[in-house]
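Novice: Sequence first, predicted model second:
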Amino acid sequence: MDTDHGDGAPTHTPSATDPNTTRVVALMNQKGGVGKTTTTVNLAAALAEAGHETLVIDLDPQAHATLHLGVDPSSIEQSVYDLLTGDAASLADARVPVAERLSIVPAETDLAAAETELAAADRRQHRLADALANLPDPKPAFVLLDCPPSLGLLTLNALTSADEVLMPMQAHFLALQGIGKLLETVRLVKQQLNARLTVAGVVLCMHDKQATHTQEVVADIVDFFEAQRDADVPWSRARVLDPPIRRNIKLAECPSFGQTIFQYAPWAPGAADYRALAEAFLAPATSPEADAGPAADAEPAAPEVHVANQPPAETPSA
């Protein structure tokens, strides 16, 4: 059902059962090199392989998702830059089909100037949301937004447009430090710009499940999310999606060929992991474990403060 937040931007509530709705998912992490673009592209390809029309929107001026899907940024006529600045007539003009049920709105280097050019523009935070209000046919079941590794205006446009956020990350201590900033950004956007925004969860990338440090970090993330089940925060239903994406050289190689893992090495462990990740992403977020919630006397605000401002490893015992 469409709603309006009072800012004039049409919004929608995604439904797992309504084929006419579109789930808009922002994949974000302000730290580079954590597998964000790899996850955007290959999760999109897995969803398309599973029969879902899927659109990737590359919001990163580096254009890595564009290159990963075999599109040369120098050869395109319309890009996400044109979409945000109003030079593209519609999203359909900028969309480039790349595989069956999979397309992309590509990025180009001019996108780096968009933040400056839009700084004083009307509805600068809603440009992408306005474009997504008129999705072209075939209407995608999923729109995946590959955000830049920063929390600027491009990422803000993504969050204002999205229904949910996925955070690809490596299970390292320093990566945990960034989660608090990301969650706080999501909370502020939900309060001020996009009331429907939620955090779907974390995708673990380049994962080494045998490492003790990795196990400890994952346990911290799981415990934090579990402690938030009854809290009035956008991540109260967030989860660590299973399976984690294992280190796989084929995942590192396929972008240089402009292919997804399913085109380049469909038999590789990376392909198996992203297929399973797509199944987990499509599954309902609720579970008996998730519904258990924290203890009745738990303070819901405390974990949020600890994750944002203290070493996350201390959060469970705080």
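Specialist: Thanks, I have it.
Novice: Do a quick rundown of the strands in the stretch 51-200 of the chain.
Specialist: Taking DSSP state E, counting those that start in this stretch as the test, the strands found in the stretch 51-200 of the chain are 54-58, 96-99, 102-105, 142-146, 164-169, 198-204.
Novice: number of nearby residues for F225?
Specialist: Counted by other C-beta atoms under 10 Å, the residues lying close to F225 total 20. For glycine as for every other residue, the C-beta is placed from the backbone atoms N, C-alpha and C.
Novice: actually E279, not the one I wrote
Specialist: E279 has 15 neighbours, counted by other C-beta under 10 Å.
Novice: show me what contacts it?
Specialist: Listed by C-beta atoms under 8 Å, 6 or more residues apart in numbering, the contact partners of E279 are A50.
Novice: Tell me the spacing between the nearest residue to R127 once chain neighbours are set aside and V105.
Specialist: Leaving aside its sequence neighbours, R127 sits nearest to L84 (C-beta to C-beta, 6 or more residues apart in numbering; 4.6 Å). Look at L84 and V105: by C-beta to C-beta, to the nearest Å, they are 10 Å apart.
Novice: So between these two, which is more surrounded?
Specialist: Between L84 and V105, counted using other C-beta under 10 Å, the more crowded position is V105 (30 against 25).
Novice: Report the beta-bridge partners for the more buried one.
Specialist: I57 (DSSP bridges).
Novice: And stretch 137-144, how far out from the chain middle?
Specialist: 15 Å (C-alpha atoms, centre = their mean, to the nearest Å).
Novice: let me redo that: stretch 229-237
Specialist: So, by C-alpha atoms, centre = their mean, the centroid of stretch 229-237 is 18 Å from its chain's centroid.
Novice: next one: stretch 76-86
Specialist: Centre-to-centre, stretch 76-86 and its host chain are 21 Å apart (C-alpha atoms, centre = their mean).
Novice: before we move on, what about stretch 71-89?
Specialist: Distance, stretch centre to chain centre, for stretch 71-89: 21 Å (C-alpha atoms, centre = their mean).
Novice: thinking again about what came up before, residues in contact with the residue nearest to R127?
Specialist: Contacts of L84 (C-beta under 8 Å, 6+ apart): 111, 114, 118, 127-128, 131, 154, 157.
Novice: By neighbours, which of the residues you listed wins?
Specialist: Of the contacts of L84, with other C-beta under 10 Å as the count, N157 tops at 31 neighbours.
Novice: hang on, the earlier thing: and the furthest pair within the contacts of L84?
Specialist: Longest distance between any two of these is 14.1 Å, between L111 and A131; criterion C-beta to C-beta.
Novice: Next SSE downstream of whichever strand or helix holds F224?
Specialist: Per DSSP states H and E: F224 is located in helix 212-227. Using DSSP H and E, the helix or strand that follows helix 212-227 towards the C-terminus is strand 239-240.
Novice: Can you give me the separation between the nearest residue to R187 once chain neighbours are set aside and L27?
Specialist: Closest residue to R187 apart from its sequence neighbours, by C-beta to C-beta, 6+ apart: P234 at 5.7 Å. Counting by C-beta to C-beta, the gap from P234 to L27 is 16 Å.
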